[in-house]
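Peer 1: what's the 3D shape of this:
(chains A and B)
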Amino acid sequence: MSTTATAPAPERPLPVPTRESQPHWDGMREGRFLLQHCLGCGKVRHYPRPVCPHCFSLESEFKEAPITGKVHTWTVCHHPFNFFFKQQAPYIVALIDMDAGVRVNAPLRGITEANLKIGQRVQMKFEPVNKETTLPFFVAA
Amino acid sequence: MAHPLRDKAAISGIGETAYSRGTSKSGLALQLEASLRAIEDAGLSPRDIDGIVPYFPGGGIAEDFIANLGLPDVTLSLFVPMGGATCVAAIQSAAMAVATGVCKNVLISVGRTGYSGARVSTRLQQFPQFALAAEYEAPIGMFAPAQLYAQGARRHMELYGTTARHFAEIAVTTREHAILNGNVVMNKPLTVEEHHASRMISDPFRLFDCSLESDGGAAIIVSAADRAKSLRKPLVTVMGVAEGHPESPASIAQRPDLLEFGLVKAAKRGYEMAGVGPKDMNLAEIYDCFTFTVIRQLEILGFCKTGEGGPFVMDGRIKLGGALPINTHGGLLSQGHVVGLNHVIELTRQLRGEAGKAQVKKAEMGLVTGYGDMGDGSLAILRRAA
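Peer 2: This is a model prediction of the structure:
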């Protein structure tokens, strides 16, 4: 089979940071897991947003948080709803209870589906996908 | 004291187009076709409609209804942006409008080209309610409800031992009911083995655990109960109705309990308003975007305890002739996906005694739920007037 032209590679969906979430994504790019903390009451919140739902303070700061956690649940994606992920399917996406008190949803690599269980310890890794954007994934801790 | 809204509103008209996969009609045309049928069913003229609550986004807006139906004086135009919980929640808004006299007849309608138009993974990216999923989950390979809701289903299985066999029972039963209806997309029998052999979409959801992408329109009219008495069809009143919004409504991932849907709040208020409980229901039309979603809602609604939803649906309990027939029309899994307005239509039809081969004997009171937008919930309890 010969082809005269190659179809363009499907585009990966990328996060579009908001004014609130920019520091989080800047941190990811530097390989740091930065979470928003309220300056009024000190509580952590994720995903980033303007107001603390506990004390209603508008003031917050981003602080580096531990990258460890444990499996809350997961799915194994077989059908690629976006063509970019077609080559990767099937892939595991695990929802992780981070030790920092928030959750992160990200691919879990190096563990087979049969060996997955709730409560399993994992650790976040950072994968640069282009100059601006780094995305998280998890491996066994 | 009875709730001031109890039995003050009625479902006075119902209408549907053919449900299909493949149409040349626009979503708006389907919506208007269904609306005209609902208006005809109620014995009203299009000119009698003064409240417009269309499913949004997608399909028409009040301007389209005024232009197409020549409505002389629309007094209320609103959207209820709750995804799959929209249609049932809209009954609450409509009931408030007709009970207070703001409107006489409110038209709730859906028009969808979910098969021939934009498909689900494209469509949802445009919803503001999906902004967090677009920022944090789409980039790591999670786009569609089948993926986002699968994690909750997996957790339920791990915690409570719920199985694919339980999921299959929902799919197979719903298909059996669909075949009795006639106006359905899926009209061939489905076996448990065929369910198990269907391809995995997002574990634990197989193809036959997922609702249809289909084309079609549906509409209902909500009128004040005292006026609806003199309309064409037997009176079906809204005993209780409520909407509920879960914690972390736009992100399932950050919700403390993934299985805590908005229906938890809506069910409590809906039952209280109606002054009845789950034991009083003769049937239930449960929003079935996924088989598992039905199982979890049956728990939340108090038909069984949390964790017991899987075993509850077995042994014919949810089939016609069983203790609690559910989705007697074929639901979103087998009839068609018009965001659950078909569930409201079916419950109304059952309570009128118009459900044909799928008629539940002594259908005097039943409930219908909505579920969507990452977990918003709604509940309506309808009854046939004595």
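Peer 1: what are the phi and psi values for the closest residue to B:Val264 other than its chain neighbours?
Peer 2: Counting by Cβ to Cβ, 6 or more residues apart in numbering or on different chains, B:Val264 lies nearest to B:Ile300, which is 5.5 Å off, once chain neighbours are set aside. All C-beta spots, glycine's among them, are computed from the backbone N, C-alpha and C. The phi/psi pair for B:Ile300 (degrees, to the nearest 10) reads phi -60, psi -40.
Peer 1: quick one: the strands in the stretch 151-300 of chain B, in order.
Peer 2: Ranges of strands in the stretch 151-300 of chain B, per DSSP state E, counting those that start in this stretch, are B:200-203, B:205-206, B:215-224, B:236-244, B:283-285.
Peer 1: close to chain A: what parts of chain B are there?
Peer 2: Chain B comes close to chain A at residues B:120-121, B:132, B:134-144, B:146-147, B:150-152, B:154-155, B:158-159, B:199-204, B:251, B:253-254, B:258, as judged by Cβ under 8 Å from any Cβ of the partner chain.
Peer 1: any of those residues buried? List them.
Peer 2: The neighbour count (16 or more other Cβ atoms under 10 Å in any protein chain shown) marks B:120-121, B:132, B:134-144, B:146-147, B:150-152, B:154-155, B:158, B:200-204, B:251, B:253-254, B:258 as buried among the residues of chain B next to chain A.
Peer 1: show the pLDDT at residue 64.
Peer 2: The chain I'm using is chain A. Here, the pLDDT recorded for A:Glu64 equals 98.
Peer 1: let me rephrase: I mean chain B.
Peer 2: Per the predicted model, pLDDT is 97 at B:Asp64.
Peer 1: ok, now which ones touch the most centrally placed residue in chain B?
Peer 2: Among the residues of chain B, the one closest to the centroid is B:Gly340, at 2.5 Å (Cα atoms, centre = their mean). Contact analysis of B:Gly340 by Cβ atoms under 8 Å, 6 or more residues apart in numbering or on different chains lists B:Gly84, B:Ala85, B:Thr86, B:Cys87, B:Val88, B:Tyr287, B:Leu332, B:Val368, B:Thr369, B:Gly370, B:Tyr371, B:Gly372.
Peer 1: ok, now A:Glu11?
Peer 2: With contact taken as Cβ under 8 Å, 6+ apart, A:Glu11 is in contact with A:Phe84.
Peer 1: name the SS class of it, please.
Peer 2: The local conformation at A:Glu11, judged by DSSP: H, G, I helix; E, B strand; the rest coil, is coil.
Peer 1: show me where chain A has its helices.
Peer 2: Here chain A has its helices, by DSSP state H, at A:22-29.
Peer 1: how about the residues of it near chain B?
Peer 2: A:12-18, A:21, A:46-47, A:72-79, A:81-82, A:85, A:88, A:90-91, A:93, A:95, A:102-107, A:113, A:117-118, A:129, A:133, A:135-137.
Peer 1: which among those end up buried?
Peer 2: Burial by neighbour count, 16+ other Cβ under 10 Å: within the residues of chain A next to chain B this picks out A:12-15, A:17-18, A:21, A:46-47, A:72-79, A:81-82, A:85, A:91, A:93, A:95, A:102-107, A:133, A:135-137.
Peer 1: mind listing the residues bridging to the nearest residue in space to B:Gly83 that is not next to it in sequence?
Peer 2: Nearest non-adjacent residue to B:Gly83, counting by Cβ to Cβ, 6+ apart: B:Gly372, 2.8 Å away. Beta-bridge partners for B:Gly372, by DSSP bridges, are B:Asp376.
Peer 1: sitting in helices, which of the buried ones among the residues of chain B next to chain A do you find?
Peer 2: Those of these lying in helices (DSSP H): B:Val120, B:Ser121, B:Leu132, B:Ala146, B:Gln147, B:Ala150, B:Gln151, B:Gly152, B:Arg154, B:Arg155, B:Glu158.
Peer 1: mind picking the lowest-pLDDT entry from those?
Peer 2: Minimum confidence in these sits at B:Ser121, scoring 64.
Peer 1: just name the shakiest helix or strand of chain B by mean pLDDT.
Peer 2: Lowest on mean pLDDT, DSSP states H and E among the helices and strands of chain B sits helix B:120-124, with a mean of 68.
Peer 1: okay, and the residue nearest to B:Thr237 when sequence neighbours are not counted sits in which element?
Peer 2: Sequence neighbours aside, B:Asp7 is the residue nearest to B:Thr237 in space, at 4.4 Å (criterion: Cβ to Cβ, 6+ apart). Using DSSP states H and E, B:Asp7 falls within no helix or strand.
Peer 1: okay, B:Asp7 and A:Gly110: tell me how far apart.
Peer 2: Distance, B:Asp7 to A:Gly110, using Cβ to Cβ, to the nearest Å: 59 Å.
Peer 1: mean confidence score for stretch A:78-86?
Peer 2: Stretch A:78-86 comes out at a mean pLDDT of 89.
Peer 1: ok now that stretch, how far from the chain's centre?
Peer 2: 18 Å (Cα atoms, centre = their mean, to the nearest Å).
Peer 1: outside of that stretch, which residues touch it?
Peer 2: By Cβ under 8 Å, 6+ apart, stretch A:78-86 touches A:9-13, A:77, A:88-91, B:120-121, B:138, B:141, B:143-144, B:146-147, B:199-203.
Peer 1: okay, how far is it across it, tip to tip?
Peer 2: Taking Cα to Cα, to the nearest Å as the measure, stretch A:78-86 stretches 9 Å from start to finish.
Peer 1: next one: stretch B:319-337
Peer 2: Stretch B:319-337: ends 21 Å apart by Cα to Cα.
Peer 1: and it, what's buried?
Peer 2: Neighbour count says stretch B:319-337 has B:319-320, B:324-337 buried, by 16+ other Cβ under 10 Å.
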